[in-house]
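[1] have a look; sequence and predicted model below, questions after that.
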Amino acid sequence: MHKPIKTSQDINTCTELRKRERVTLLEILDRVLEKGVVISGDVVISVADVDLVYLGLKVLLSSVETMERLRGAPFSGAAEEPT
Amino acid sequence: MNLYAYAIIDSTGGVEESIRGLLGAPVYTIPYRDIGIVVSDLKAQAQIKNEESVLKHEEVVEALMDRFTVLPMKSYTIFDKKEELLLKVKEHYEDFTENLDRVHNKHEFGIKIIWAGNVIRERIALAHKNENAPAGPGQPGAKFMKEKFEKYKIDKEFEEEADRCIAIVDGFLNRYVSEKKLEKLKTDNLLLSAVYLVDKEKRDDFKKAFKELKGSGGDLKYMISGPWPAYNFITLSRSGDGKSAATKGAQL
């Protein structure tokens, strides 16, 4: 049985789908981490060491900074913003 | 046991039992007067600092959006007692009801438009260079000032070009929206990052207008996302006294 050969069109479609998934995930992260109603719960979870896949993204870094602001403590050891 | 809060809704109950929250926990409503806070129980030591929980948060909010008007909470809003949560809700009850009224039957759409900003900037710079006579020998200070002024003119023209494009795009979409927030040139290539609040009845018209815009040709790239709960249109006062602070990430 021969393994089906991927055409360049298949590869392009896969790449396009992956790109779309990433964009959708970014849109979700941008909203859920950064927007919405903030009422300070009395249990505050630190997200400075949050183990998200998209750690290098600006959206996450800014969220971490926001959480630190809410917590009233400086964020130490932050990665540089991606350029 | 802690409480993880997902959203505030315009109902005191009726959340479907099939909706599961973080770590598979059932989602339920804690009523306060005529509104409800949708929560699930969360063990104190539970590990939720991951991408999966962020996506789950959004999944729950989207499931609620089908049946209720929703004010999504920011992720990781956790209380250790029901009483503490109710105290906060009591404090900001008027804010919540005002916002629920404002976003009732409306959803948010995200629009991003990308252009070849670097190419456009270069084109403008080149046009300026061709217009100007070659600089002769002069005082170094004068040369510096001239260069600064040239850069200012290029930046200004670049922004004017962006304003023209955004006006066209926004003109297409504006008639179908009740509120909007536009951000110009977050980067040179991200011409527009916008969020529009659209009435449910006008949703199809809005999407159609976007499709027309996208099909109109040109070098711009268009992206749309949504419908989302109105994450970007919640405006709450900081003090809870009902005075709108009109902040982007409504903080109390």
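    Now that the structure is in, tell me what you want to look at. Residues are numbered from 1 along each chain as shown, chains lettered A, B, ... in the order given.
[2] looking at chain B, which helix or strand does the model trust least?
    For chain B, the helix or strand with the lowest mean confidence is helix B:117-131, at a mean of 85 (criterion: mean pLDDT, DSSP states H and E).
[3] tell me if that helix is near chain A.
    No: on the criterion C-beta under 8 Å from any C-beta of the partner chain, helix B:117-131 is out of touch with chain A, staying 14.1 Å away. Yep, even glycine has a C-beta here, placed from its N, CA and C like the rest.
[4] what mean pLDDT does the helix or strand that that helix is followed by have?
    Sequence order places helix B:140-173 as the next helix or strand after helix B:117-131, per DSSP states H and E. The pLDDT scores in helix B:140-173 average 88.
[5] beta partners of the closest residue to residue B:210 other than its chain neighbours?
    In space, and not counting its chain neighbours, residue B:210 is closest to residue B:224: 5.4 Å by C-beta to C-beta, 6 or more residues apart in numbering or on different chains. Per DSSP bridges, the residues bridged to residue B:224 are residue B:111.
[6] mind listing what residue B:224 touches?
    Counting by C-beta atoms under 8 Å, 6 or more residues apart in numbering or on different chains, residue B:224 touches B:109-111, B:207, B:210.
[7] for residue B:9, see how far away it is.
    Here the distance between residue B:224 and residue B:9 works out to 26 Å (C-beta to C-beta, to the nearest Å).
[8] now swap in residue B:73 and tell me
    11 Å.
[9] same deal with residue B:46?
    Taking C-beta to C-beta, one finds residue B:46 at 24 Å from residue B:9.
[10] which one's more surrounded, the two?
    residue B:9 (24 against 17; other C-beta atoms under 10 Å in any protein chain shown).
[11] what's residue B:101 sitting at in phi/psi?
    Backbone torsions for residue B:101, taken as degrees, to the nearest 10, come to phi -60, psi -40.
[12] what about it, how many neighbours?
    Applying other C-beta under 10 Å, we find 10 residues neighbouring residue B:101.
[13] and residue 37, what pLDDT?
    Chain wasn't specified; assuming chain A. Per-residue confidence (pLDDT) for residue A:37: 84.
[14] that answer is for a different chain, and I need it for chain B
    96.
[15] is any residue of the helix or strand containing it near chain A?
    Assessed by DSSP H and E, residue B:37 sits inside strand B:35-42. No: if you take C-beta under 8 Å from any C-beta as the test, strand B:35-42 misses chain A, and the best it gets is 9.0 Å.
[16] now the element after that strand, going C-ward?
    Following strand B:35-42 in sequence order, the next helix or strand is helix B:51-65 (DSSP H and E).
[17] please save the CA atoms from that next one in CSV.
    C-alpha atoms of helix B:51-65 as CSV (Å, rounded to 0.1, in the frame of the first residue of the first chain):
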residue,chain,number,x,y,z
GLU,B,51,-3.9,27.3,28.0
GLU,B,52,-6.6,24.7,28.4
SER,B,53,-8.3,26.6,31.2
VAL,B,54,-8.2,29.8,29.2
LEU,B,55,-9.9,28.1,26.4
LYS,B,56,-12.4,26.4,28.7
HIS,B,57,-13.3,29.8,30.2
GLU,B,58,-14.1,31.1,26.7
GLU,B,59,-16.0,27.9,25.9
VAL,B,60,-18.3,28.3,28.9
VAL,B,61,-18.9,32.0,28.2
GLU,B,62,-19.7,31.2,24.6
ALA,B,63,-22.2,28.5,25.6
LEU,B,64,-23.9,31.0,27.9
MET,B,65,-24.0,33.6,25.1
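[18] what parts of the stretch 51-200 of chain B come near chain A?
    B:51, B:54-55, B:57-58, B:71-81, B:84-85, B:88-89, B:92, B:96, B:110.
[19] just the buried subset of the residues you listed, please.
    The neighbour-count test (16 or more other C-beta atoms under 10 Å in any protein chain shown) applied to these identifies B:51, B:54, B:57-58, B:71-79, B:84-85, B:88-89, B:92, B:96, B:110 as buried.
[20] going by neighbour count, list what's buried in stretch B:161-176.
    Buried residues in stretch B:161-176, counted by 16+ other C-beta under 10 Å: B:161-162, B:165-166, B:169-170, B:173, B:176.
[21] by contact count, what packs against the least confident helix or strand of chain B?
    Applying 3 or more C-beta pairs under 8 Å, 6 or more residues apart in numbering or on different chains; DSSP states H and E, we find helix B:117-131 packed against helix B:140-173.
[22] any idea how far the residue nearest to residue B:210 is from chain A?
    As judged by C-beta to the nearest C-beta, to the nearest Å, residue B:224 and chain A stand 10 Å apart.
[23] which residues sit in contact with the closest residue to residue B:33 other than its chain neighbours?
    Counting by C-beta to C-beta, 6+ apart, residue B:93 is the residue found nearest to residue B:33 once chain neighbours are left out, at 6.6 Å. By C-beta under 8 Å, 6+ apart, the residues touching residue B:93 are B:32-33, B:35.
[24] ok, now residue B:96?
    Taking C-beta under 8 Å, 6+ apart, we find residue B:96 in contact with A:37, B:8, B:35, B:71, B:89, B:236.
[25] quick one: low-confidence parts of chain B?
    Residues of chain B meeting the criterion pLDDT under 70: B:132-138, B:140, B:238-252.
[26] re the thing from before, buried ones from the contacts of residue B:93, can you make that a PyMOL selection?
    With 16+ other C-beta under 10 Å as the burial test, the buried ones among the contacts of residue B:93 are selected in PyMOL as follows:
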select buried, chain B and resi 32+35
